[in-house]
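# quick one: sequence and predicted model below, then my questions.
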Amino acid sequence: MPFLTPSRRHRALAAATITALSLGLLTACGAGTGTGSSKAAAATVLNVGMPQGATMKNNNNPLLPTSSAAQLGYRYMIYEPIAMWNQVKPAETPKPWLADRIEWSDNYRKLTLTARAGVKFSDGTPMTADDLAYAFQLMKDHKALNSSALPIDSATVQGDQAVITFTSSQYVRQASVLSTLVVPKHLWSTLADPTTDTVEKPVGTGPYTLKSFTPQTVTLTARTGYWQDAPKVTELRYTTYSGNDAITGALAGGALEWTYAFLPDAKKLYQDKDPEHNKLWFPPNLSADGLWINTTNKPFDNPVLRRAMSTVINREDIFNLASAGYFKPAVDSVTGLPTPAGDAFIAPAYKDSKATGDAATAKKLLTDNGFTFSGTDLVDPSGKPVALTLTDPAGWGDYQTALTIIADNLKAIGIKATIDKADQNAWETNIASGNFEAAMRWSNGGATPYDFYKDVMDGAALKPVGQAATGNYGRFDSPEATRALEEYANAADDASRTAAMATLQKIFAEQTPMIPTSAGNLGAEYSTRHWTGWPDASNPYAPVQPTQTTALDVVLHLKPAGH
């Protein structure tokens, strides 16, 4: 199962209607049995929560993104992937998990997986290569379960190996392929419809089983017979909260120990309450939020103007004011790539090239290329004053703050920008159809910069204004970029891929099809009061976000504090 896009998920969190949960839902504690045992007792329970709403349906199907298991993240404690991919260091080789040997061949069109010996499902049945192959056959047979649209050709078994073939190179989709969750064939092959079955009694290879389910809290318990060392966390409690205010209160009070939510006052209301234990770590991934510009509109079809705009936008202000100084790190590379996640991919020519600068530099760029000033107002080469409407849904407070900052920044180069606080449904329709001038929006991300650049620059997604697009919302038309994307995805060797990536970065740096301001993140708010061993900037062994596949790797690293 591929990773969810953090930026898209954050939109729902930031826009949530906030009402507090009753205090009765906020009584769990991380130490001892979770009911207020002494500090001397070793922790046994870890309390996890997400602002998904006040109630949940008992749906534990790990392959459905709408299930409670997916929304809260506990599917990854019951079901495990082929391999673990560390998005904080995306260039690293994924860690083998249920397959202890992973071999790509035929230019990433063939994948041979050797099933790890000694792994059993929680019902005692051995996991075999047949289960690995079945995970891919499920996606081939059921389009609704193939959310990454993997072009699976065949899934066969040869002894202790599963052999998966694809109709095209999967180099850029390796993370999605290897993040596939393995389900027990002996049970799932009997389901009437795996795309709708709620799987009330989930059986997986992971270290936990479902203990109880209520509309507010799901409890998992550690099982015997797990193929790795047993986790020190013997019980996991996942609670759904009604909104971010409830999350903030639960975190500050100690009832909640691990979550992913945008809290505008997180530093004051959470971190500063107990700086020793209350932690915020939000490392970037390879996606970016930023100002998407409709490049079909004059004079914004001129890359010089877009570069000048990028130069004067203050990313640090957006980080500190719109992102509360912690949630989405600033992006200032001319390549658009967040760092350090993108460091391994940035071409040597752009290692130290920043998009930020001063108004004088931006003005000179403009006047050297046919723009003039009438007093303080910028005038385009055709003699018209430059004006721009910035639009985002009214309820998206972080984006509205960012637009206010951007509008003020653009005054420095004579652009009059107004802000439209749009209706969300209308906004989504207008972005897709190209009926907008500029808007803050997220991008896709993946194991390489390919997903980001494809989302922004792919000619294959280019639609005329008025027709709904599923990418390239700025209508950026660059056949050279489209060719480079194709070359990168299908290159036969690393040298060709490196050359294609350098071309994509050159186009992005020189033509600025969109203006990245902030990185998508892999973060979480978490507490070290009862549990230690969390990943952080000094030991980024995995993302810390509880709804990522690697959340299981995090839990397996945890130890009771003081032990």
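Sure thing, it's come through.
# and the helices in the stretch 51-200 of the chain?
Ranges of helices in the stretch 51-200 of the chain, per DSSP state H, counting those that start in this stretch, are 68-72, 75-78, 129-141, 174-178, 185-188.
# pick the most buried one from the ones you listed.
helix 75-78 (a mean of 27; mean count of other CB atoms under 10 Å). Just so you know, the C-beta spots here come from the backbone N, C-alpha and C atoms, and that holds for glycine as well.
# quote the end-to-end distance of stretch 515-532.
Using CA to CA, to the nearest Å, the end-to-end distance of stretch 515-532 comes to 38 Å.
# what mean pLDDT does it get?
Averaged over stretch 515-532, pLDDT sits at 97.
# on that earlier part again, residue 109 is nearest to which of the helices of the stretch 51-200 of the chain?
Of all those, helix 174-178 sits nearest to residue 109, with 11.3 Å by CB to CB.
# starting at the chain centroid, how far to that closest one?
In terms of CA atoms, centre = their mean, to the nearest Å, the centre of helix 174-178 is found 15 Å from the chain centre.
# what's the answer for stretch 227-244, then?
Averaged C-alpha coordinates place stretch 227-244 at 21 Å from its chain's average position (CA atoms, centre = their mean).
# now that stretch: buried residues?
227, 231-244 (16 or more other CB atoms under 10 Å).
# stretch 97-107 too?
97-99, 102, 104.
# chain center to that stretch: distance?
From the chain centre to the centre of stretch 97-107 is a distance of 24 Å (CA atoms, centre = their mean).
# swap in stretch 482-497?
For stretch 482-497, the separation from the chain centroid amounts to 24 Å (computed by CA atoms, centre = their mean).
# and it, end to end?
Termini of stretch 482-497 sit 14 Å apart (CA to CA).
# what does that stretch rub up against?
Contacts to stretch 482-497, defined as CB atoms under 8 Å, 6 or more residues apart in numbering, come from residues 107, 168-169, 171-172, 448, 450, 453-454, 457-460, 499-501, 503-504, 507.
# buried members of these into PyMOL, please.
Filtering the contacts of stretch 482-497 down to the buried ones (16+ other CB under 10 Å) takes a single PyMOL command:
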select buried, resi 169+171+172+448+450+453+454+457+458+459+500+501+503+504+507
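# which of the contacts of stretch 482-497 fall in strands?
Per DSSP state E, strands hold no members of the contacts of stretch 482-497.
# mind putting the helices of the stretch 51-200 of the chain in TSV, mean pLDDT included?
What follows is the helices of the stretch 51-200 of the chain, written out as TSV (pLDDT from 0 to 100):
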stretch	mean pLDDT
helix 68-72	95
helix 75-78	98
helix 129-141	98
helix 174-178	95
helix 185-188	98
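# looking at those, spot the one closest to residue 444.
Closest to residue 444 of the helices of the stretch 51-200 of the chain is helix 174-178 (CB to CB; 11.6 Å).
# strands of the stretch 351-500 of the chain, start to end?
372-374, 377-379, 387-393, 416-422, 438-441 (DSSP state E, counting those that start in this stretch).
# mean neighbour count, these: which tops it?
Per-stretch averages of neighbours, counted by mean count of other CB under 10 Å, single out strand 438-441 among those, with a mean of 24.
# dump the strands of the stretch 351-500 of the chain into a markdown table; add mean pLDDT and distance to residue 552 as well.
Listed next are the strands of the stretch 351-500 of the chain as a markdown table, based on pLDDT from 0 to 100; distance: least, CB to CB, whole Å:
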| stretch | mean pLDDT | distance to residue 552 |
| --- | --- | --- |
| strand 372-374 | 98 | 58 |
| strand 377-379 | 98 | 53 |
| strand 387-393 | 98 | 34 |
| strand 416-422 | 97 | 39 |
| strand 438-441 | 98 | 31 |
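# who wins for proximity to residue 298 among those?
Closest to residue 298 of the strands of the stretch 351-500 of the chain is strand 387-393 (CB to CB; 11.7 Å).
# do I have it right that residue 515 meets residue 295?
No - Residue 515 lies out of contact with residue 295 (CB atoms under 8 Å); the separation is 11.7 Å.
# distance from stretch 420-440 to the middle of the chain?
Distance, centroid of stretch 420-440 to centroid of chain: 22 Å (CA atoms, centre = their mean).
# just the C-alphas of that stretch, formatted as CSV.
Extracted in CSV, the C-alpha atoms of stretch 420-440 (Å, rounded to 0.1, in the frame of the first residue of the first chain):
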residue,chain,number,x,y,z
ASP,A,420,-10.0,35.6,-2.6
LYS,A,421,-11.4,33.6,0.3
ALA,A,422,-13.1,30.9,-1.7
ASP,A,423,-15.6,28.3,-1.1
GLN,A,424,-13.7,25.0,-0.9
ASN,A,425,-15.8,23.1,-3.5
ALA,A,426,-15.7,26.0,-5.9
TRP,A,427,-11.9,26.3,-5.3
GLU,A,428,-11.3,22.7,-6.1
THR,A,429,-13.3,22.9,-9.3
ASN,A,430,-11.5,26.1,-10.4
ILE,A,431,-8.0,24.7,-9.7
ALA,A,432,-8.7,21.6,-11.7
SER,A,433,-10.2,23.5,-14.6
GLY,A,434,-7.6,26.3,-14.6
ASN,A,435,-10.0,29.1,-13.7
PHE,A,436,-7.6,30.8,-11.3
GLU,A,437,-4.6,33.1,-11.3
ALA,A,438,-2.6,31.9,-8.3
ALA,A,439,-3.2,29.7,-5.3
MET,A,440,-1.4,28.0,-2.5
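# buried ones in that stretch?
By neighbour count on 16+ other CB under 10 Å, the buried set for stretch 420-440 is 420, 422, 427, 430-434, 436-440.
# one more: stretch 188-208?
For stretch 188-208, the neighbour count (16+ other CB under 10 Å) marks 188, 194, 197, 199, 202-208 as buried.
# dump it to PDB, restricted to CA.
Presented in PDB, the C-alpha positions along stretch 188-208 are these (Å, rounded to 0.1, in the frame of the first residue of the first chain):
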ATOM      1  CA  TRP A 188      -8.600 -13.200   1.900                       C
ATOM      2  CA  SER A 189      -9.200 -15.600  -1.000                       C
ATOM      3  CA  THR A 190     -12.500 -16.500   0.800                       C
ATOM      4  CA  LEU A 191     -13.800 -12.900   1.000                       C
ATOM      5  CA  ALA A 192     -16.800 -12.100  -1.200                       C
ATOM      6  CA  ASP A 193     -15.400  -8.700  -2.100                       C
ATOM      7  CA  PRO A 194     -12.000  -7.500  -0.600                       C
ATOM      8  CA  THR A 195     -12.800  -4.000  -1.800                       C
ATOM      9  CA  THR A 196     -15.700  -3.700   0.600                       C
ATOM     10  CA  ASP A 197     -15.200  -6.300   3.400                       C
ATOM     11  CA  THR A 198     -14.600  -4.600   6.700                       C
ATOM     12  CA  VAL A 199     -12.400  -7.400   8.100                       C
ATOM     13  CA  GLU A 200     -13.700  -7.300  11.600                       C
ATOM     14  CA  LYS A 201     -11.200  -9.800  12.800                       C
ATOM     15  CA  PRO A 202      -7.900  -8.800  11.200                       C
ATOM     16  CA  VAL A 203      -5.100 -11.400  10.900                       C
ATOM     17  CA  GLY A 204      -1.600 -10.200   9.900                       C
ATOM     18  CA  THR A 205       2.000 -10.900  10.400                       C
ATOM     19  CA  GLY A 206       2.500  -7.800  12.600                       C
ATOM     20  CA  PRO A 207       3.200  -7.900  16.400                       C
ATOM     21  CA  TYR A 208      -0.300  -6.800  17.400                       C
END
